[in-house]
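[1] based on what follows, work out the 3D shape:
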Amino acid sequence: MTETDMPDLAAFLATLLVAYLVALFARRTLGVPVGWPRALVMGLIMVVTISWAATEVGRMTGVFVDGQIKAPTGVVFLVMALVTAWAFVIGLIGLVLLELFLPTGTLPPPSAFLRGWNARRSRARRYTQVVRIATRHGLGGYLGRGRRTDGRPAAIARSLRDALNEGGVTFVKLGQMLSTRRDLLPEVFADQLATLQTRAEPEPWAQIERAIEEELGKPLTEVFQMVDPSPLASASVAQVHSARLLDGTPVVLKVQRPGARKQVTSDVEIILRLAAWLERTTPWGRSLRVSRLAEGFAASLDEELDYTVELDNLRGVAATLHGEIRVPVAHEEHSTGRLLVMDRLDGTPVGEAGALLAALPAAEREAIAGRLLSEILRQLVRTGVFHADLHPGNILLTEDGRLGLLDFGSVGRLDQPTRNALGMLLLAIDNNDAIGATDSLIEMLDRPEDLAERELERDLGQLMVRYRSGFGRSGSAGLFAALFKLIHAYGFAVPPQIAGAFRALAALDGTLTLISPDLDVVGAVRRQGREMMREAVSPEAVRTDLESRLAGFLPILQRMPRRLNKLTEDLEHGRISVNIRPFADERDRRFLTGLVQQVVVAVLAAAATLGAILLIAADSGPMVTPDLRLFALVGFALLLVGFVLALRSLVLVFRRE
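    Below you'll find the predicted structure:
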């Protein structure tokens, strides 16, 4: 660096220092944490423009004439201070406009932008690919603000199914989840999405073998006698292989494909961003609350990718089962987050057991379906831990007519109040009690603010009368579909755990159709729900529940006589007083303080601005220069104060903490 560069460097550093001080003062003046990058940039702009503004204003006011100072030193100082202050106010205006239209925090910081460049580039490439797939299938017109309203629903549903299928495993699973939300989607869409499958070409055995050994931390031969390289089943996320432990026990290995989690995680992030955008820009996105749906889907998919969660689910469901339904026993010592080792259950999936079912008498098929329905209802109403993905591929049928459950990646849990409400709903349907059914729905779901209870009660009553006799399979399917539509029509928000229960019932309905087409699900649900609720409200069960609740109230009951005695004595001697503190809550005080502050600042800003206009417009008063009156100088200073107060008032309105 040469000596001639030193003054330039010093000037540059001095400019940066002044810009920093200006930015700091701007943040203090506005009273909100404006982002440092934009504050520094605005400070640099202020510093650069002050010299130009000072020259122009000095020439206009007669302070500078032909480059020479023609006014007293005090006047020059006041004019230059006023110019500097106004340049500062103009910078504040720019900051306020930025905060109104692009608040601090909307954009990531520069450091995050540099660190996440590769991830953003990959995400943008995948996002472009997803949009291109949607456009290729004719769905592009439904993604914007001016969405299309033409087109046949059946054709749109098929296009959506094909687009999701082409999008890959994450979007296929999203479609499968949406197919169970018949309370939100029309039947034609739910039916099409229900046909989505996650089958995929098997991964080469060498890669699967390496993945298994990485999870075990040792060679396969130290754990298994043999592992069949040909998979029993192959999906986009996992493969299932048969094997045999060293002691000869037949097992199956569920191993996650290498790179599956990375791809799913990337796609889930895109789905969350796309859902947030659709909820902002489309009416149907806001109506369906797609952001909430996407968040629930992301959480469930994250659990599904963690096989330790599936292991816990397997243990939870196994602990609640009784009767002839079996689940595999897991070998925890060989299971990890991406590998699950379980005993092998012999049997045929219901979806592939057509020949086996056809050989059974109709009465036996109905009995098998009834046992399955009874067990799932018992899980929903009594134990609260239930298998939430009961499609035909997850239910095994043995040659002797026994049932087995597979794939515990999706297991729901209901708390006691929700189970009670669900049981009371079943009991109310059986008793044709519209009032009880309405109360149970309100207790079970998230109640909308403007709920018309009487109308809901009447519609539920009509629904129960219409489907009371069941009408075979079509009657049960119609009841479930009508109930879902009614829930959505009245604006109920379905909590995730209740949505899981609905999903289990919807998937179970299709499975029961394959086992026994003649089974009247409505009638069976009514009968078994009645039995379960009678068990729950039996004298012994009620007595046990009351004893447990009274045990919790025992300390209160023991102190009750002493407190009643003190209360009566205070009443007798007039010692009872009531103290009301309307602003005891800090939030109330903070709200009132902020409101008063906004009003005071707005009034001061208006008064300062009005006074400034009167002073500037005055034609009398002493002259400080041939072209500048003293009153005008004071008016511009007062107008500066009014502008600063007005800007602070705006920031207080739009950036309340």
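
[2] quick check: Pro231 is in a strand.
    No - counting by DSSP: H, G, I helix; E, B strand; the rest coil, Pro231 is located in no strand; its state is coil.

[3] these two touch, right, it and Gln239?
    Yes - look at Pro231 against Gln239 with Cβ atoms under 8 Å: they come within range, at 4.4 Å. Placement of C-beta: from N, CA and C, glycine included.

[4] and the helix or strand harbouring Arg378, what does it pack onto?
    Counting by DSSP states H and E, the element that carries Arg378 is helix 362-378. Packing partners of helix 362-378 (3 or more Cβ pairs under 8 Å, 6 or more residues apart in numbering; DSSP states H and E): strand 325-326, strand 403-405, helix 496-515, helix 521-536.

[5] after that helix, which helix or strand is next?
    Sequence-wise, the next helix or strand downstream of helix 362-378 (DSSP H and E) is strand 385-387.

[6] helices or strands next to that following strand in the packing?
    helix 307-320, strand 411-413, helix 496-515.

[7] mind listing the shared neighbours of Pro231 and Gln239?
    Pro202 (Cβ atoms under 8 Å, 6 or more residues apart in numbering).

[8] surely Ala452 and Gly491 touch.
    No - at 9.8 Å, Ala452 and Gly491 do not qualify as touching, with contact defined as Cβ under 8 Å.

[9] hang on, Leu614 in a helix?
    Yes - judged by three-state DSSP, Leu614 forms part of a helix.

[10] what score does it have for pLDDT?
    Leu614 is assigned a pLDDT of 85 by the prediction.

[11] what do you get for the one 3 residues further on?
    Note for Ala617: predicted pLDDT of 83.

[12] kindly report the same for Val227.
    90.

[13] please enumerate the helices of the stretch 51-200 of the chain.
    Along the stretch 51-200 of the chain, counting by DSSP state H, counting those that start in this stretch, helices occupy 73-101, 110-115, 117-136, 153-167, 169-179, 187-193.

[14] nearest to Val350, of those helices?
    helix 169-179 (17.2 Å; Cβ to Cβ).

[15] CA atoms only: put that closest one into CSV for me.
    Extracted in CSV, the C-alpha atoms of helix 169-179 (Å, rounded to 0.1, in the frame of the first residue of the first chain):
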residue,chain,number,x,y,z
VAL,A,169,-42.0,-41.8,-2.4
THR,A,170,-42.7,-38.7,-0.3
PHE,A,171,-45.4,-37.4,-2.6
VAL,A,172,-46.9,-40.9,-2.8
LYS,A,173,-47.1,-41.1,0.9
LEU,A,174,-48.6,-37.6,1.0
GLY,A,175,-51.3,-38.8,-1.4
GLN,A,176,-51.9,-41.9,0.7
MET,A,177,-52.3,-39.7,3.8
LEU,A,178,-54.7,-37.4,2.0
SER,A,179,-56.8,-40.3,0.8
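
[16] what average pLDDT does that helix get?
    Mean predicted lDDT for helix 169-179 stands at 77.

[17] packing partners of it?
    Using 3+ Cβ pairs under 8 Å, 6+ apart, helix 169-179 sits against helix 153-167, helix 187-193, helix 260-281, helix 290-305.

[18] after the helix or strand hosting Leu427, which helix or strand is next?
    Per DSSP H and E: Leu427 is located in helix 416-431. Using DSSP H and E, the helix or strand that follows helix 416-431 in sequence is helix 434-444.

[19] buried residues in the helix or strand just after that next one?
    Going down the chain from helix 434-444, the next helix or strand is helix 453-467, by DSSP H and E. By neighbour count on 16 or more other Cβ atoms under 10 Å, the buried set for helix 453-467 is 456-457, 459-461, 463-464, 467.

[20] among those residues, which one lies nearest to Gly351?
    For the buried residues of helix 453-467, the nearest to Gly351 is Tyr467 (27.1 Å; Cβ to Cβ).

[21] any idea how far Arg648 lies from Gln597?
    Noted for Arg648: a distance of 9 Å to Gln597, by Cβ to Cβ, to the nearest Å.

[22] between those two, which one's more packed in?
    Neighbour count, other Cβ atoms under 10 Å: between Arg648 and Gln597, Arg648 has more, with 22 against 14.

[23] what's in contact with whichever strand or helix holds the more buried one?
    Per DSSP H and E: Arg648 is located in helix 630-654. Outside helix 630-654, the residues that touch it by Cβ under 8 Å, 6+ apart are 29-32, 78-79, 82, 85-86, 89, 92-93, 96, 99-100, 594, 597-598, 601-602, 604-609, 611-616, 618, 620-624.

[24] likewise for stretch 267-276?
    123, 126-127, 130, 167-171, 174, 285, 290-291, 293-295, 297-298, 301-302.

[25] Gly393: which of the buried residues of helix 453-467 is nearest?
    Proximity of those to Gly393 (Cβ to Cβ) peaks at Tyr467, which lies at 28.8 Å.

[26] can you list the low-confidence ranges for the stretch 51-200 of the chain?
    For the stretch 51-200 of the chain, the stretches with pLDDT under 70 are 51, 58-59, 61-71, 75, 95-120, 140-151, 180-184, 197-200.

[27] worst mean pLDDT among the helices and strands packed on helix 362-378?
    Within the helices and strands packed on helix 362-378, the stretch with the lowest mean pLDDT is helix 521-536, showing a mean of 64.

[28] related to what we said a few turns ago, what angle separates the helix holding Leu427 from helix 434-444?
    Orientation check (axes from the mean of the first three to the mean of the last three Cα atoms, to 10 degrees): helix 416-431 against helix 434-444 gives 160 degrees.

[29] quick one: buried residues of helix 416-431?
    Taking 16+ other Cβ under 10 Å as the criterion, helix 416-431 shows 418-430 as buried.
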